[in-house]
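[1] Structure for this input, please:
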Amino acid sequence: MEILSTDLLLANALTLTGRVRKANEDSMGNASVPLGELFVVCDGMGGHVGGATASSIAVKTIVGSMKESTGDIPIAIDTALRKANRAIIDEAERNPELTGMGTTACVVLINGREAWIAHVGDSRIYLFDGGTKVLHRITKDHSLVQSLVDCGEIDDRQAEHHPQKNVILRALGISEDLRTDIEKAPVTLASGDMILICSDGLSGMVDDDEIEAGLRKVTHAGAAQKVLQSLVDAANAPDKGRDNITAELIYVRKGSAPGRTYPDYNPSWRKEKLAAKTPDSPSGGTKNPIIPILAICLAIILAVSAFAVWKIYDKYSGLKKELAEKDALIESQSKQLYELRTDIMHYQQREMQRQQQDLMQLGGLLFNESETDSTEVRIDADHPDDHLLTEVDNAGGDSTAGAETGGMN
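    All right, here's what the predicted structure looks like:
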């Protein structure tokens with residue numbers, strides 16, 4: 001079913017109940033809103049009544065919110081998802097029989113040649129690169145098995161057949177604390193690109209290789225509807241069709257030149273297969289001429305940075321060496337000064353000792369001379385009236401004094 005046709009885009013959509021479910025709990029919608037062309041796919045859960053109610057509320061609320069939004073696109077999408085989450089919770093509170101209902105949600109907003117994407121749960125958004133003819137998974141499932149893959153408990157191939165592959169960790173209507181995944185930057189669209197939005201009724205029944213092979217058959221916009229029908233039919237084959245199947249396929253008629261980047265959540269087995277393809281293969285990896293330029297610029301920046309670091313280190317090493325030499329010189333001079341001060345102190349001590357010894361010797365000589373030069377007066381006991389004055393010299397001889405002469409008189 002064609003849902004949109006403009007000069008830039010052609011969109012088709014299909015939904016089926018499948019072979020097992022009694023009711024279709026999926027919902028989808030699209031609208032032209034102030035910020036661009038809006039596309040939404042939701043996969044409800046919580047019983048055939050609850051699941052259908054939750055997905056329907058989500059689509060209506062998201063479309064209604066985006067019709068009123070004119071500001072920042074990521075904020076507008078996040079606001080719309082949170083309003084839908086709140087609306088589902090409120091409805092469950094009003095109707096207890098709907099308790100536990102919830103839904104996944106995938107949102108694509110195309111503004112000009114840019115696509116903004118967001119999701120909650122395990123419904124997926126794929127980008128088929130019109131230049132390389134390679135399919136890329138650009139959302140990451142919020143599921144138990146994906147968390148096991150991330151932790152290394154199982155690999156991607158085991159996840160596809162895990163008994164708990166349908167257990168999801170995030171959904172609208174389950175908790176007021178909603179965590180959404182909204183890409184911070186848009187995907188630039190090129191001519192021939194296709195965006196596939198689908199519930200796990202398609203992605204869980206048809207693997208990425210089969211989806212890629214089918215989309216390669218779209219050689220012009222008019223072929224997109226037929227290919228979409230073939231993919232849905234493959235998911236609803238007699239041995240499949242265990243879930244509701246819903247998909248929207250958007251074909252880009254006019255876009256920017258190829259050579260861009262986008263989110264890549266391809267499973268490891270897909271990445272290995274794509275890496276093994278030759279560059280000339282039509283299904284080779286994404287070619288982006290800006291990447292080598294960025295690599296060269298990065299190499300130049302790293303080289304300049306390394307040279308600057310080396311120069312700084314070299315200068316620092318030189319300063320460090322110079323300081324070390326100065327420290328060694330100061331230490332050597334300090335040692336010499338200490339030795340000189342020690343020698344001076346020893347010299348002063350010796351001089352003081354020598355001077356003390358000289359003074360002591362000089363004092364002894366002076367004392368001896370004073371005893372030698374002294375004069376003694378002696379009184380003769382036999383002649384007390386006579387006074388004899390005797391001068392004793394250093395040689396021990398007597399000198400005659402006038403007292404003897406006087407005695408003779």
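[2] Just the buried residues of stretch 239-259, please?
    240-253, 255, 258 (16 or more other C-beta atoms under 10 Å). Backbone N, C-alpha and C define where each C-beta goes, glycine included.
[3] From these, pick the one nearest Asn85.
    Here the nearest of the buried residues of stretch 239-259 to Asn85, counting by C-beta to C-beta, is Thr246; it sits at 19.9 Å.
[4] Tell me the bridge partners for the closest one.
    Thr15 (DSSP bridges).
[5] Quick check: the farthest pair among the buried residues of stretch 239-259?
    By the measure C-beta to C-beta, Arg242 and Pro258 form the most distant pair in those, at 37.3 Å.
[6] Looking at the buried residues of stretch 239-259, which is nearest Arg354?
    Using C-beta to C-beta, the buried residues of stretch 239-259 come closest to Arg354 at Pro258, 105.2 Å.
[7] Following the helix or strand Ala84 falls within in sequence, what is the next regular element?
    Ala84 belongs to helix 73-94 when elements are defined using DSSP states H and E. Next along the chain after helix 73-94, taking DSSP H and E as the criterion, comes strand 102-103.
[8] ok, residues contacting that following strand?
    Residues outside strand 102-103 that contact it (C-beta atoms under 8 Å, 6 or more residues apart in numbering): 27, 42-46, 51, 54-55, 57-58, 88, 121, 171-174.
[9] same check, this time on stretch 137-148
    Here stretch 137-148 makes contact (C-beta under 8 Å, 6+ apart) with 106, 117, 119-122, 124-127, 154, 159, 162, 164-171, 181, 183, 187, 208, 262-267, 270.
[10] so what's the backbone phi/psi at Leu340?
    phi -60, psi -40 (degrees, to the nearest 10).
[11] if we can go back for a sec, return the subset of the contacts of strand 102-103 lying in helices.
    Under the assignment DSSP state H, those contribute 51, 54-55, 57-58, 88 to helices.
[12] okay if I get those residues as TSV plus neighbour count?
    Below are the ones in helices among the contacts of strand 102-103 laid out as TSV (neighbours: other C-beta atoms under 10 Å):
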residue	neighbour count
Gly51	26
Ala54	35
Ser55	35
Ile57	26
Ala58	33
Ile88	28
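[13] and the residues you listed as CSV, adding distance to Ile3 and pLDDT?
    Output for the ones in helices among the contacts of strand 102-103, formatted as CSV (distance: C-beta to C-beta, whole Å; pLDDT from 0 to 100):
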residue, distance to Ile3, pLDDT
Gly51, 22, 96
Ala54, 22, 98
Ser55, 17, 98
Ile57, 20, 98
Ala58, 18, 98
Ile88, 24, 98
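[14] so which of those residues comes closest to Met345?
    Closest to Met345, out of all of the ones in helices among the contacts of strand 102-103 and judged by C-beta to C-beta, is Ile88, at 96.7 Å.
[15] Now for the spatially closest residue to that closest one that is not a sequence neighbour: which residues touch it?
    Excluding the flanking residues, the one nearest Ile88 by C-beta to C-beta, 6 or more residues apart in numbering is Gly173, at 3.1 Å. Contact analysis of Gly173 by C-beta under 8 Å, 6+ apart lists 54, 57-58, 85, 88-89, 92, 101-103.
[16] Test for you: state the pLDDT assigned to Gly173.
    Looking at Gly173, its pLDDT is 97.
[17] and stretch 42-59, how far out from the chain's middle?
    Between the centre of stretch 42-59 and the centre of its chain there are 39 Å (C-alpha atoms, centre = their mean, to the nearest Å).
[18] contacts for it?
    Counting by C-beta under 8 Å, 6+ apart, 21-29, 40, 84, 87-88, 91-92, 97-98, 100-106, 121-123, 168, 171-173, 199-201, 244, 246 sit against stretch 42-59.
[19] Give the buried residues for it.
    42-47, 50-59.
[20] Output it in PDB with nothing but the alpha carbons.
    Output of stretch 42-59 as PDB, limited to C-alpha atoms (Å, rounded to 0.1, in the frame of the first residue of the first chain):
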ATOM      1  CA  CYS A  42       4.700   0.000  17.000                       C
ATOM      2  CA  ASP A  43       4.500  -3.600  18.100                       C
ATOM      3  CA  GLY A  44       2.000  -4.000  21.000                       C
ATOM      4  CA  MET A  45       2.200  -6.600  23.800                       C
ATOM      5  CA  GLY A  46       0.000  -7.500  26.700                       C
ATOM      6  CA  GLY A  47      -2.700  -9.700  25.100                       C
ATOM      7  CA  HIS A  48      -4.500  -9.100  21.900                       C
ATOM      8  CA  VAL A  49      -6.600  -6.400  23.400                       C
ATOM      9  CA  GLY A  50      -3.900  -4.700  25.500                       C
ATOM     10  CA  GLY A  51      -1.200  -5.000  22.800                       C
ATOM     11  CA  ALA A  52      -3.400  -3.500  20.100                       C
ATOM     12  CA  THR A  53      -4.600  -0.700  22.500                       C
ATOM     13  CA  ALA A  54      -1.000   0.200  23.500                       C
ATOM     14  CA  SER A  55       0.400   0.300  20.000                       C
ATOM     15  CA  SER A  56      -2.600   2.300  18.700                       C
ATOM     16  CA  ILE A  57      -2.300   4.900  21.500                       C
ATOM     17  CA  ALA A  58       1.400   5.200  20.900                       C
ATOM     18  CA  VAL A  59       1.000   5.900  17.100                       C
END
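[21] what helix or strand is Arg354 on?
    Using DSSP H and E, Arg354 falls in helix 290-372.
[22] cool, Leu274 as well?
    Leu274 belongs to helix 268-276, assigned by DSSP H and E.
[23] contacting residues around Leu231?
    202, 206, 210-211, 214, 247.
[24] excluding its backbone neighbours, what's nearest Asn12?
    Spatial nearest neighbour of Asn12, chain neighbours left out: Gln225 (4.4 Å); criterion: C-beta to C-beta, 6+ apart.
[25] Perfect, I'm done here.
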